[in-house]
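K.L.:
have a look; sequence and predicted model below, questions after that.
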Amino acid sequence: MGAIAAVLSAEQVRAHRILASGLDRSASLPEALPVWELGLQDRDGSSRLALAARLTDPELVPAAPDPGEPDWMAQVWSLRGAPHLHRRADLPALARALWPVDETDAAARLSADTARLAANGAQPLNAYRAAVKAMRLAVTAPMVKGEASAAVTRLLPRKYSGHCAVCRSTHVRELLFRLAALPAGVGLIPDTKPVVLAPLDGAVTEAGPAAGIDRLVAACYRAHGVATTAEVAAHLGTSAGCLEPALPDDVVPVLVGGVRSTARAGMLDELAGADVDAAARPVRLLPGSDPFLQPRDRAVLTTDRDRQKTLWPVVGQPGAVLAAAGVAGVWRARLAGRRLTVTVTPWHRFSARERTLLADEAQLVGALRGAPETVLTVE
């Protein structure tokens with residue numbers, strides 16, 4: 001790719017990501033936040049805290065969207081088959097951008113399901129098409145996920161299904177089921193347990209042809225500043241080889257904290273000039289699914305392997321404490337009766353100012369969860 005075009009520090013990249021994702025609370029309206037190109041991953045309502053961490057007035061956090069009602073937001077399974085909030089107007093283009101460009105891309109997107117489908121003689125792209133058609137026919141009204149899966153399974157040839165040890169039944173492959181929903185025009189009703197699917201009324205989506213993945217790649221570079229091709233591909237749910245043709249023409253090699261990565265040449269001055277002082281001012285309690293924690297180059301946030309394991313465990317991910325322009329600890333919340341206790345495990349010595357702001361952010365978490373009383377504990 002050529003000679004190293006710039007040498008950047010992890011601190012500069014973190015500062016860029018903090019400010020580029022709106023964590024300085026410079027936006028007064030949710031619609032104005034710079035997070036919508038890639039969407040907001042949602043885990044049990046976590047996107048509401050991610051929004052509140054970025055708005056000048058957290059009370060402006062919108063209510064959970066209903067896919068069947070006119071609204072500017074919708075929740076869908078999108079990147080990697082994970083639930084995300086997106087602008088409803090973006091959904092048609094998003095569905096096309098995430099549609100596989102060929103069999104190899106379809107296989108990469110279906111991940112572990114690909115080998116299982118192949119063992120049954122199923123081709124990945126045909127599996128996509130069949131699952132989308134079945135999903136359109138099956139989900140015509142709000143439907144609990146298990147019922148929707150069973151209905152889709154009945155409409156599909158057996159080669160697209162397999163035995164599930166978790167629910168002890170045979171049904172359509174899980175990731176195939178999730179990836180088929182958006183192009184089938186099916187979304188999610190947030191904050192439902194079990195998960196409820198529903199048609200995306202008023203948001204027309206299509207099952208291909210693929211178009212626009214380059215726009216998502218460009219959005220990754222705008223949001224993350226730096227990334228390898230493999231890291232961008234992982235974020236978008238495909239492989240580096242499949243993504244290579246969609247890379248911008250001006251991608252150049254850079255070093256970040258001594259580690260090789262890439263950036264767009266047109267962003268190098270912006271990255272080098274990132275306002276570290278401004279990025280050090282915000283103190284936030286971020287959900288584990290926050291955009292700040294999404295990039296795959298985890299060493300940018302911490303090079304400590306034990307802390308990486310704590311911040312990104314296999315299950316039960318904690319929230320992250322943002323302070324001093326980086327991850328300054330982790331936090332968890334526990335409700336007992338009327339009291340919500342927010343417990344912070346610090347990786348940084350908090351100043352008096354930071355402790356005061358942490359207390360305010362803990363109250364915000366409590367308010368979003370509807371807790372009558374919230375207490376902050378710093379271990």
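P.N.:
Received it, and whenever you're ready, just let me know what you need.
K.L.:
leaving out the residues flanking it, which one is nearest to residue 73?
P.N.:
Excluding its sequence neighbours, the residue lying closest to residue 73 (Cβ to Cβ, 6 or more residues apart in numbering) is residue 65, at 4.3 Å. Quick note: C-beta positions are derived from backbone N, CA and C, even for glycine.
K.L.:
right, and the one you found touches residue 83 too?
P.N.:
No. Residue 65 lies out of contact with residue 83 (Cβ atoms under 8 Å); the separation is 11.8 Å.
K.L.:
any residues in contact with both of these two?
P.N.:
residue 75 (Cβ atoms under 8 Å, 6 or more residues apart in numbering).
K.L.:
endpoint to endpoint, stretch 297-316 covers what distance?
P.N.:
Stretch 297-316 has its terminal residues 20 Å apart, counting by Cα to Cα, to the nearest Å.
K.L.:
tell me the buried residues in that stretch?
P.N.:
297, 298, 300, 301, 302, 307, 310, 311 (16 or more other Cβ atoms under 10 Å).
K.L.:
do the same with stretch 155-169
P.N.:
Buried residues in stretch 155-169, counted by 16+ other Cβ under 10 Å: 155, 156, 159, 160, 161, 162.
K.L.:
over to stretch 143-159?
P.N.:
For stretch 143-159, a neighbour-count test (16+ other Cβ under 10 Å) marks 143, 145, 148, 149, 150, 151, 152, 153, 155, 156, 159 as buried.
K.L.:
just stretch 174-193 next, same as before
P.N.:
Here stretch 174-193 shows 174-190 as buried, counting by 16+ other Cβ under 10 Å.
K.L.:
try stretch 328-342
P.N.:
328, 329, 330, 331, 333, 340, 341, 342.
K.L.:
mean confidence score for that stretch?
P.N.:
Stretch 328-342 shows a mean pLDDT of 97.
K.L.:
same question for stretch 211-231.
P.N.:
97.
K.L.:
kindly confirm my reading that the residue nearest to residue 73 is in a strand.
P.N.:
No. Counting by DSSP: H, G, I helix; E, B strand; the rest coil, residue 65 is not part of a strand but coil.
K.L.:
any idea how far residue 201 is from it?
P.N.:
12 Å (Cβ to Cβ, to the nearest Å).
K.L.:
of these two, which one has the most company?
P.N.:
The neighbour comparison of residue 65 against residue 201 (other Cβ atoms under 10 Å) goes to residue 65, with 20 against 15.
K.L.:
now do the phi/psi pair for the more buried one.
P.N.:
phi -80, psi 150 (degrees, to the nearest 10).
K.L.:
now do the contacts for it.
P.N.:
71, 73, 74, 75, 85, 88, 190.
K.L.:
picking up where we left off before, nearest to residue 264 among the buried residues of stretch 328-342?
P.N.:
Residue 264 lies nearest to residue 328 out of the buried residues of stretch 328-342, by Cβ to Cβ, at 29.2 Å.
K.L.:
the closest one and residue 358, how far apart?
P.N.:
9 Å.
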